[in-house]
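Novice: after the sequence you'll find the predicted model.
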Amino acid sequence: MWRNVLALRQISQRTISTASRRQFANRVSEHQKLFQEDNGVPVHLKGGAKDHLLYRTTMVLTTFGTLYSVYYLLISSMPKKPN
């Protein structure tokens, strides 16, 4: 049993290390320029087509959910007819 615990400890120490294997280029300044430029586009849509699609999907789901909940509130507020 201790052998398994020691092996797990050794594996976890290997995978979580401070040395990164890949070096990524720092592109924060590029994103800052993109989002801070004054071109009349709202900040939540400056990311491109992906942001537009995400925004539209969110708005459709929100509208549908609101209308659906209002519909069920109206249905539940009406008394049922006796047979």
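Specialist: Arrived safely, thanks for sending. Residues are numbered from 1 along each chain as shown.
Novice: pLDDT weak spots in the protein?
Specialist: Along the chain, segments meeting pLDDT under 70 span 13-21.
Novice: the residue nearest the centre of it and residue 26: what is the separation?
Specialist: Closest residue to the average C-alpha location of the chain: residue 54 at 9.4 Å, with Cα atoms, centre = their mean. Applying Cβ to Cβ, to the nearest Å, the value for residue 54 to residue 26 is 25 Å. From N, CA and C alone the C-beta is placed, and that goes for glycine too.
Novice: do residue 4 as well
Specialist: The value you get for residue 4 to residue 26, if Cβ to Cβ is used, is 41 Å.
Novice: check residue 32 too.
Specialist: Distance from residue 32 to residue 26, by Cβ to Cβ: 11 Å.
Novice: what ranges does this protein have for its strands?
Specialist: Assigned strands in the chain: none (criterion: DSSP state E).
Novice: contacts only, for residue 5.
Specialist: Residues in contact with residue 5 (Cβ atoms under 8 Å, 6 or more residues apart in numbering): none are found.
Novice: remind me, longest helix of this protein?
Specialist: helix 49-77 (DSSP state H).
Novice: chain center to it: distance?
Specialist: 17 Å (Cα atoms, centre = their mean, to the nearest Å).
Novice: that one - contacts with which helices or strands?
Specialist: Packing partners of helix 49-77 (3 or more Cβ pairs under 8 Å, 6 or more residues apart in numbering; DSSP states H and E): none among the helices and strands.
Novice: endpoints of stretch 73-83, how far apart?
Specialist: One end of stretch 73-83 sits 23 Å from the other (Cα to Cα, to the nearest Å).
Novice: go on, stretch 32-52?
Specialist: 19 Å.
Novice: who's in contact with that stretch?
Specialist: For stretch 32-52, contacts defined as Cβ under 8 Å, 6+ apart pick out residue 55.
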